[in-house]
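>>> here is my input; please provide its structure:
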Amino acid sequence: MRRAKRARPAPRVRAVQYLRMSTPQQPHSLEHQAAAIAVHAQRRAYDIIRSYEDAAVSGVGAKRRPAFAELLATVLGGQADFEAILVYDVSRWGRFQDPDEAAHYEFLCSQEGVRIEYCAEAFGSAGSASDVLMKALKRAMAAEFSRDLGEKVRSAQRRYAAQGYWLYGEPGYGLTRQIVGADGAPGRVLARGERNADRQLRTILVPGPAEEVDVVRRMFRLCGKEGLSAGAIATRLNQEAIASPSGGRWSGERVRHILRNPKYMGDLHSQRRTTPLGGARRATSESAWIVAPGAGPALVPRTLFDAVQAALRVERAPDDEALLAALRPIAQVHGAVSEPQLKALGVPHHRSYRRRFGSLRAAFALIGQAPPKHFPKRRLSEEALLCGLARLFLRERDLSPRLIDADPNIPSTDHYHRRFGSLAKAYAQIGFVRISTVDAQSAVGQARVRARELQIRVWADRPFASSGGDCRPNSGSQAIDFL
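As a prediction, this is how the structure comes out:
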């Protein structure tokens, strides 16, 4: 009697799981996600070979999600040794404010032969019209949840700020933070860098170390009663070896920042800057500020604070000749220096030179210290200017205004501003983006570094540049007359 042949078991599918939780207040979230994914994997005969986890990371964007970036780099780099990515639900993949962004990352993975499976969702694998519509709806709902939650948090923060509570990080020199109960009962003082982890408690400002309070009061007296400028006050503090908040030397800007801040007379100003969900931080209009008069400790009386503001308004308005006069002794000793060096030397209004004269280089030129670069009267084509940036990058491995101004083969940064509108726009045309050292250590960052160099090399090798490295147009290149 012939034995029946045994059916061969279906090959198991190699998969990875992606887990994400938004805040540390969800200590078991990753564990619950992994348990649900394990059940899904067992039913589908999947072997989970690896786990990618982003703990306490917002899902509104792809930035600052190292595990998500590593996962994408593995897939898009052709290094995926798995066929599926298992995610608990649509919101764990991300609460992207543009739902198309979530679909975009999913599409990129599918192009590389890796599918995304949401274990707690009822989506089928056939991609029917109803599944596509439901997935798009879920993505929009995930984004809306973040927007709604963000608005509730902002509303609560505005209410607490109006009541005089401190909602932010370090309070600044001369002040410290103290915990208070809901009934106003004072608690312990928070150490520098410590956070209030109890949501039932609030934080207020109280006077800081006595020596810092004395320095703050002395600054206001020196400016409001003795008429010293912020730079002169910084010089005196440095001569007396009084350390700044960072432990280093005082500068006029640091002193001015303290003298202008109304919290030292007890008024707390909040919501002066805002960060839209998934966006960049920006300043708000004065009408949107929240002011809590007298909510903080008044280290100086209001009359003295007002006198200091009047003195600072006079100090802020030097004429052109006064600015150039302050620059001449610097140039005699140090030559043409950069803006950070001016700041370190204690020169007041170091930012005013750029606003008043277009650039610090132009201001030095007016006192005969930094003549502009000599270039032919017929200006360079835009292609030649971009070629010069590309070759400068390949030599220096970076681009910055300082490097551009120091390179004798290309015009100054002012010229690039006039031709392209900004340095950023010129950088974008050659493919230069700044990649931080931390980002460059990740797989995605390394891929971006390689792609950036390849694109910039294309510009550096353009035939309209001469072989000597000078990107001025040769006889075969286009030149445009100066306007």
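>>> residue 322 and residue 347, how far apart?
When Cβ to Cβ, to the nearest Å is the yardstick, residue 322 and residue 347 sit 12 Å from each other. Just so you know, the C-beta spots here come from the backbone N, C-alpha and C atoms, and that holds for glycine as well.
>>> okay, those two: which has more neighbours?
Between residue 322 and residue 347, counted using other Cβ atoms under 10 Å, the more crowded position is residue 347 (21 against 13).
>>> how much space separates the nearest residue to the more buried one once chain neighbours are set aside from residue 363?
With Cβ to Cβ, 6 or more residues apart in numbering as the criterion, residue 347 has its nearest non-adjacent residue at 6.0 Å, and that residue is residue 326. Here the criterion is Cβ to Cβ. By it, residue 326 lies 10 Å from residue 363.
>>> quick one: which of the two has more around it?
Comparing residue 326 with residue 363 by other Cβ under 10 Å, the one with more neighbours is residue 363, at 23 against 18.
>>> and the gap between that one and residue 35?
In terms of Cβ to Cβ, residue 363 sits 65 Å off from residue 35.
>>> packing partners of the helix or strand harbouring residue 69?
With secondary structure defined by DSSP states H and E, residue 69 is part of helix 66-76. Judged by 3 or more Cβ pairs under 8 Å, 6 or more residues apart in numbering; DSSP states H and E, helix 66-76 is in contact with strand 13-20, strand 46-54, helix 99-111, helix 443-460.
>>> could you chop this structure up by domain?
13-147, 175-315, 320-366, 382-460 (automatic domain parsing).
>>> quick one: closest of these to residue 165.
Among these, domain 175-315 comes nearest to residue 165, with 4.7 Å by Cβ to Cβ.
>>> how far off centre is that closest one?
23 Å (Cα atoms, centre = their mean, to the nearest Å).
>>> cool, stretch 115-131 as well?
36 Å.
>>> where does this structure have low pLDDT?
1-10, 124-127, 278-280, 315-317, 346, 348-349, 370-379, 463-483 (pLDDT under 70).
>>> looking at it, which helix is longest?
Using DSSP state H to define each element, the chain has its longest helix at helix 129-162.
>>> ok, then the element right after that one?
Beyond helix 129-162 toward the C-terminal end (DSSP H and E), the next one is strand 175-180.
>>> same for that following strand, what does it pack against?
Using 3+ Cβ pairs under 8 Å, 6+ apart: strand 175-180 touches strand 186-190, strand 202-207.
>>> pairing partners for the last one, with directions?
Strands flanking strand 202-207 in the sheet, each with its direction: strand 175-180 (antiparallel) (DSSP bridges).
>>> next one: the shortest one
Each strand that strand 186-190 pairs with, and the sense of that pairing, follows from DSSP bridges: strand 175-180 (antiparallel).
>>> ok, how many other residues are close to residue 155?
10.
>>> likewise residue 270?
20.
>>> can you pull the contacts of the closest residue to it other than its chain neighbours?
Nearest non-adjacent residue to residue 270, counting by Cβ to Cβ, 6+ apart: residue 161, 3.8 Å away. Neighbouring residues of residue 161 by Cβ atoms under 8 Å, 6 or more residues apart in numbering: 167, 268, 270-271, 290, 292.
>>> how close does residue 382 get to residue 177?
Residue 382 sits 53 Å away from residue 177, going by Cβ to Cβ.
>>> cool, and residue 416?
45 Å.
>>> cool, and residue 427?
For residue 427 relative to residue 177 (Cβ to Cβ), the value is 41 Å.
>>> what's the burial count for residue 85?
Neighbours of residue 85 under the rule other Cβ under 10 Å: 23.
>>> that one sits in which helix or strand?
Here residue 85 is assigned to strand 84-87, by DSSP H and E.
>>> partner strands of that strand and their direction?
strand 13-20 (parallel), strand 115-118 (parallel).
>>> hey, which of these is tucked in deepest?
Of all the strands paired with strand 84-87, strand 13-20 has the most neighbours on average by mean count of other Cβ atoms under 10 Å, namely a mean of 21.
>>> how far away from the center of its chain is that strand?
For strand 13-20, the distance to the chain centre is 30 Å (Cα atoms, centre = their mean).
>>> need the contact partners of it.
30, 33-34, 37, 41, 44-55, 57, 59, 65, 67-68, 71, 81-88, 92-94, 117.
>>> same thing but 7 Å
30, 33-34, 37, 41, 44-54, 57, 59, 71, 81-87, 92 (Cβ atoms under 7 Å, 6 or more residues apart in numbering).
>>> look up which residues are beta-bridged to residue 46.
Under the criterion used (DSSP bridges), residue 46 bridges to residue 13.
>>> how much space between it and residue 320?
In terms of Cβ to Cβ, residue 46 sits 72 Å off from residue 320.
>>> the more surrounded of those two?
Neighbour totals were compared for residue 46 and residue 320, and residue 46 leads with 22 against 13 (other Cβ under 10 Å).
>>> tell me the contacts of the more buried one?
12-13, 15, 84.
>>> as a markdown table, the residues you listed with distance to residue 241 would be great.
Output for those, formatted as a markdown table (distance: Cβ to Cβ, whole Å):
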| residue | distance to residue 241 |
| --- | --- |
| 12 | 70 |
| 13 | 68 |
| 15 | 63 |
| 84 | 64 |
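>>> pick the one among these closest to residue 201.
For those, the nearest to residue 201 is residue 15 (44.0 Å; Cβ to Cβ).
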